[in-house]
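Chemist: Attaching a predicted model along with its sequence, questions to come.
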Amino acid sequence: QPDSIQPKYQQAVLLLGTVCSQPQSGKAQQYIDEAQRVIQRIEALQPTKASDRSDLFTLHGFYYTALIVTNPQQNGPRYYRQALDSFDEALKLNPKNEMAKMLLARFNEGMNSSR
């Protein structure tokens, strides 16, 4: 299904989840780059359904989160706002987006524990 968003969404979630659980892995940057390519393929489909756009914003937030966890000192200040704004936008588009809710909660926990 070349124009189906869900398989690409799952692939990006898997890549970014791996980065967040193993941020110091030698493959972290490779996975981040691949996730970015997958996200760009979803964007190229120009999703119009609110739930699909919500998933896309969720991936953006997760992408920024992955960048932050790989280098918190450098990337935290740089991407903190983008991550939060992406999750907020995802939840505006689809308040029932469980992945966005869970990632936002984890993001906030991580940020609060690193202060």
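Modeler: Great, that's in hand. Residues are numbered from 1 along each chain as shown.

Chemist: Run through who's touching stretch 81-91.
Modeler: 54-58, 60-61, 64-65, 68, 97, 100-101, 103-104, 107 (CB atoms under 8 Å, 6 or more residues apart in numbering). The way it works is simple: take the backbone N, C-alpha and C, and place the C-beta from them, glycine included.

Chemist: These in helices, which ones?
Modeler: 54-58, 60-61, 64-65, 68, 100-101, 103-104, 107 (DSSP state H).

Chemist: Go through these and say which is closest to Ser21.
Modeler: Nearest to Ser21, judged by CB to CB, of the ones in helices among the contacts of stretch 81-91 is Thr65 at 11.7 Å.

Chemist: Just list the residues touching the nearest residue to Ala50 once chain neighbours are set aside, thanks.
Modeler: The shortest distance from Ala50 to any non-neighbouring residue, by CB to CB, 6 or more residues apart in numbering, is to Leu93 (4.6 Å). Under the criterion of CB under 8 Å, 6+ apart, the contact list for Leu93 reads Ala50, Ser51, Arg53, Ser54, Phe57.

Chemist: repeat that for 6 Å
Modeler: Ala50, Arg53, Ser54 (CB atoms under 6 Å, 6 or more residues apart in numbering).

Chemist: Who wins on neighbours among the residues you listed?
Modeler: Counting neighbours by other CB atoms under 10 Å, Ser54 comes out on top of those with 22 neighbours.

Chemist: Distance of that residue relative to Thr48?
Modeler: 12 Å (CB to CB, to the nearest Å).

Chemist: can you check Ala100 too?
Modeler: Taken as CB to CB, the span from Ala100 to Thr48 is 18 Å.

Chemist: Comparing the two, which residue is more hemmed in?
Modeler: Between Ala100 and Thr48, counted using other CB under 10 Å, Ala100 has the larger neighbour count: 26 against 7.

Chemist: where exactly do the helices run in this structure?
Modeler: Using DSSP H, helices in the chain cover 5-21, 28-44, 50-70, 72-93, 98-113.

Chemist: tell me which residues of the third one are tucked away?
Modeler: To tie it back to what came earlier, the one meant is helix 50-70. For helix 50-70, a neighbour-count test (16 or more other CB atoms under 10 Å) marks 52-70 as buried.
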